[in-house]
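Peer 1: Sharing a model that was predicted from the sequence below.
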Amino acid sequence: MSTDAGATPPSEMPTQYNPQAAEDAVYARWEAARAFGTSPDAGRKPYTIVIPPPNVTGVLHIGHALNNSLQDLLVRFKRMQGFETLWLPGTDHAGIATQNVVEKQIAKAEDKTRYEIGREELIRRIWAWTEQSGGTILTQLRKLGASCDWSRTKFTLEEKLNLAVRHAFVKLHADGLLYRGKYLVNWCPRCRTTLSDDEVEHEEVNGRLYELHYPLAEDPSKRLTVATTRPETMLGDTAVAVHPDDERYKHLIGKTLKLPLAGREIPIVADAALDRSFGTGCLKVTPAHDPVDYQIGQRHKLEVLNILTEDGRLNEACPPEFRGLDRFRARKAVVAALDALGLLGEVKDHKQQVGHCYRCHTMIEPYLTSQWFVNMKPLSKLAVEATASGRVRFHPERWTKVYLKWFEDVRDWPVSRQIWWGHQVPAWYCLEDNAGAIVKLEAGPDEPFDLVEEGRRIRYLIGEGAKPIVAIDDPRGRPEYQGKTLIQDPDVLDTWFSSALWPFSTLGWPEKTADLDYYYPTDTLVTSRGIIYFWVARMVMMGQHLLHKEPFRDVVIHGTVLDGDGAVMSKSKGNGIDPLDIIKRYGADAMRFTIFDMATEGQDIKFPVQIVCPHCDEMQDLPRKRTEPVMNCVKCKNLSSSRCPTSRRCPSRRWARWTRSVSRRAATSRTRSGTPRASS
């Protein structure tokens, strides 16, 4: 067959499928055509999913790939069935996590703390970082093929969502479901903030159990022996408790002891809640630093003596020689001082469960402070009823029991946090109307401050008796406060407070919008079991109370992605898989197919991890001991670093991590269906 001499020869068909070129081009056409867009006036039945908003600090990991692939599967299926589908994307401001990231950058670059640069400057820098780097994970979700309506992308700290937070706070306060009180809370000395019970991670640690001898005030030759794992807290003891029926100590009830080192006299009290068979039968009572002791202190009207500063150092309530010491250094100093006095008994090794901050992993301290709390009991009833009536269904169904169990022993939720990045509490205090309840003082060099006055950093300590002005808008312009000084509560709200409003704040609430009327309640929530308490339960409570409707009808709980040995994947273990590495090598379709093929209902997924030599493409098993940064390829014998010193994406220096599952299933999918196509 002849052809014109000047004709352009047809382009040759590539000999190998290039998923990057095909998928990127198809996705670009989808976005240009607004193929994922939706409208509340479409005249069709809606199907709505709101994305569990990833932290603005986050980058895509294999758990995100699982979660979002399952959501995308549901959305695309419903779209093909003719539903008006909305998959609403967005990110969470992640208060503690984001502030920590920027604080570390400032410390590294400038050797300064947040207290040195001040609140306004820190917030400005966090916003700058967020605008520059915060959208990374949303870009990565596009590489995954996520069919979100990107024109509706939300951020939990944007102005419209901030308005929703203020409305919710004021409404809960007006309904008697939100209050300010002074209670014992979980406190992180590193982050210097309160944590809810669900934000405390307990793990077993090797500690010690110390026996301490307390002499009787009337006869120092006689002593009571107590046991503790935190001997430094004895400086805050205000009593020793014994059981009223314990014959060993009955005759001592009502007498006093001389508290060693502190020199104070403390009473011996009788409390029936004590277990006589445990230890010596005597319990040192430190109401300000132990939840059990706090309850005993309340029953016996004991003094509540706080001995710690916000950063975990011993304060002015302690003897001079211990003031300013970090709690762990103070422990050694107190033990040494008691030993020198002959008042230290037996010291034993002791394993115990200790709470840690879920963000920085610092050991938490029970700490007495004024906080804002949500009254959970009335809200819990609404959430339980929504599930009991079948309006909120869990899949697999077994997670219903786990969800309901949490409500049985739920405590009031402390929602205030002592950080600067987040929704500031919409409450103000009039200094003139709260004389004596608010103390004005000069902040120390390593303490938070509210304003700078004549070169001095000023801090207001808001006492328990201060009367707040809770309002949606700043009340300083009101006529009744002209000529008076109002200060706003410096705390911000727990990130999970704004996240609890996510299914409806993203649709325009508190305004009555067309989106809210059409898309709410949403249909399905896809999430992991790890945030059933953090997020799912609180969304149901808030939706029921604020809108009188459940926020979603079905909750799909998926499993966790583990490595081949059943260990959780993490950067520190070196067994994590970057989904973008898999997509670059095999394409998004192959990875998504693998996830769907392996994901059984609610069960964890094991991904055996292998590594790929960057020199010869040979795959080999990831060593069980992953501490060695350089590995020798079994095929080409080249040495390659498992951790690139310059960039985590450097292909010339770093072994890539894949999975046997992905490589095997990717090859199988090509065999079954020929050349893979981009997701549709």
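Peer 2: Received, thanks.
Peer 1: Restrict the longest helix along the chain to CA atoms and write it as PDB.
Peer 2: In terms of residue count, the longest helix belonging to the chain (DSSP state H) is helix 62-80. Provided in PDB are the C-alpha atoms of helix 62-80 (Å, rounded to 0.1, in the frame of the first residue of the first chain):
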ATOM      1  CA  ILE A  62      -1.100   3.400  52.900                       C
ATOM      2  CA  GLY A  63      -3.900   3.800  55.500                       C
ATOM      3  CA  HIS A  64      -5.200   6.900  53.600                       C
ATOM      4  CA  ALA A  65      -5.000   4.900  50.400                       C
ATOM      5  CA  LEU A  66      -7.200   2.200  51.900                       C
ATOM      6  CA  ASN A  67      -9.700   4.600  53.400                       C
ATOM      7  CA  ASN A  68     -10.100   6.900  50.400                       C
ATOM      8  CA  SER A  69     -10.100   4.000  47.800                       C
ATOM      9  CA  LEU A  70     -13.100   2.500  49.600                       C
ATOM     10  CA  GLN A  71     -14.900   5.900  49.700                       C
ATOM     11  CA  ASP A  72     -14.100   6.400  46.000                       C
ATOM     12  CA  LEU A  73     -15.500   2.900  45.200                       C
ATOM     13  CA  LEU A  74     -18.800   3.800  46.900                       C
ATOM     14  CA  VAL A  75     -19.000   7.200  45.300                       C
ATOM     15  CA  ARG A  76     -18.300   6.000  41.700                       C
ATOM     16  CA  PHE A  77     -20.800   3.100  42.100                       C
ATOM     17  CA  LYS A  78     -23.500   5.500  43.200                       C
ATOM     18  CA  ARG A  79     -22.600   8.000  40.500                       C
ATOM     19  CA  MET A  80     -23.100   5.300  37.900                       C
END
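Peer 1: helices or strands next to that helix in the packing?
Peer 2: Using 3 or more Cβ pairs under 8 Å, 6 or more residues apart in numbering; DSSP states H and E as the contact criterion, the neighbours of helix 62-80 among helices and strands are strand 46-50, strand 84-88, helix 136-144, strand 524-528, strand 554-558, strand 561-563, helix 579-586, helix 588-598. (C-beta placed from N, C-alpha, C; glycine too.)
Peer 1: outside of stretch 132-140, which residues touch it?
Peer 2: Outside of stretch 132-140, the residues that reach it under the criterion Cβ atoms under 8 Å, 6 or more residues apart in numbering are 54, 56-60, 64, 89, 91, 150, 153, 155, 579-580.
Peer 1: hmm, 7 Å instead?
Peer 2: Contact with stretch 132-140 is made by Pro54, Val56, Gly58, Val59, Leu60, Pro89, Thr91, Thr153, Leu580, as judged by Cβ atoms under 7 Å, 6 or more residues apart in numbering.
Peer 1: Just the mean pLDDT for that stretch, thanks.
Peer 2: The average pLDDT for stretch 132-140 rounds to 85.
Peer 1: worst average pLDDT in the helices and strands packed on helix 62-80?
Peer 2: Looking at these, the bottom one is strand 561-563 with a mean of 79.
Peer 1: Distance from it to the middle of the chain?
Peer 2: Taking Cα atoms, centre = their mean, to the nearest Å, the mean C-alpha location of strand 561-563 is offset from the chain mean by 21 Å.
Peer 1: again, but for stretch 513-530
Peer 2: Mean C-alpha position of stretch 513-530 versus that of the full chain (Cα atoms, centre = their mean) differs by 22 Å.
Peer 1: Can you pull out the residues in contact with stretch 297-315?
Peer 2: Counting by Cβ under 7 Å, 6+ apart, the neighbours of stretch 297-315 from elsewhere in the structure are 189, 192, 235-236, 238-239, 269, 271, 285, 287-288, 317-318, 322-327, 330, 365, 367-368.
Peer 1: Any chance you could list what contacts whatever helix or strand Asp24 lives in?
Peer 2: Assignment of secondary structure by DSSP states H and E places Asp24 within helix 19-32. Helix 19-32 is touched from outside by Phe36, Arg142, Gly145, Lys584, Tyr586, Gly587, Ala588, Asp589, Pro676, Ala678, with contacts defined as Cβ under 7 Å, 6+ apart.
Peer 1: cool, and stretch 402-414?
Peer 2: Around stretch 402-414, the neighbours that count as contacts under Cβ under 7 Å, 6+ apart are 185, 194, 196-197, 371, 373-376, 380, 383-384, 387, 394, 532-533, 536-537.
Peer 1: Sitting in strands, which of these do you find?
Peer 2: Counting by DSSP state E, the part of the contacts of stretch 402-414 found in strands is Val185, Thr194, Gln371, Phe373, Val374, Phe394.
Peer 1: Provide the secondary structure category for the nearest residue to Arg248 once chain neighbours are set aside.
Peer 2: Nearest residue to Arg248 in three dimensions, chain neighbours excluded: Gly281, at 6.4 Å (Cβ to Cβ, 6 or more residues apart in numbering). Secondary structure for Gly281, judged by DSSP: H, G, I helix; E, B strand; the rest coil, is coil.
Peer 1: so where's this structure uncertain?
Peer 2: Low-confidence segments of the chain, defined by pLDDT under 70: 1-11, 570-576, 608-680.
Peer 1: can you do 80?
Peer 2: Within the chain, the stretches falling below the threshold (pLDDT under 80) are 1-14, 58, 134-135, 198, 277-279, 359, 445-447, 563-577, 600-602, 605-680.
Peer 1: need the contact list for Arg192.
Peer 2: Glu310, Asp311, Gln418.
Peer 1: Secondary structure added to those, as a markdown table?
Peer 2: A markdown table is the format used below for those (three-state DSSP):
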| residue | secondary structure |
| --- | --- |
| Glu310 | coil |
| Asp311 | coil |
| Gln418 | coil |
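Peer 1: which one of the residues you listed sits closest to Arg230?
Peer 2: Closest to Arg230 out of those is Asp311 (16.9 Å), distances taken as Cβ to Cβ.
Peer 1: Distance-wise, check the closest one relative to Ala273.
Peer 2: When distances are taken as Cβ to Cβ, to the nearest Å, Asp311 and Ala273 turn out to be 33 Å apart.
Peer 1: now Glu131
Peer 2: Look at Glu131 and Ala273: by Cβ to Cβ, they are 54 Å apart.
Peer 1: now swap in Thr15 and tell me
Peer 2: Thr15 sits 78 Å away from Ala273, going by Cβ to Cβ.
Peer 1: before we move on, the earlier item: ranking by neighbours, what's the top pick from the contacts of helix 19-32?
Peer 2: For the contacts of helix 19-32, the largest neighbour count, defined by other Cβ atoms under 10 Å, is 28 neighbours, found at Ala588.
Peer 1: And for it, nearest residue in space, chain neighbours not counted?
Peer 2: Counting by Cβ to Cβ, 6+ apart, Gly145 is the residue found nearest to Ala588 once chain neighbours are left out, at 4.5 Å.
Peer 1: got a list of what that neighbour touches?
Peer 2: Gly145 touches Glu23, Tyr27, Asp72, Ala588, Arg592, Ser679, counting by Cβ under 7 Å, 6+ apart.
Peer 1: can I get those residues in CSV with distance to Gln353?
Peer 2: Supplementary listing: the contacts of Gly145 in CSV, determined by distance: Cβ to Cβ, whole Å:
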residue, distance to Gln353
Glu23, 47
Tyr27, 47
Asp72, 39
Ala588, 42
Arg592, 40
Ser679, 45
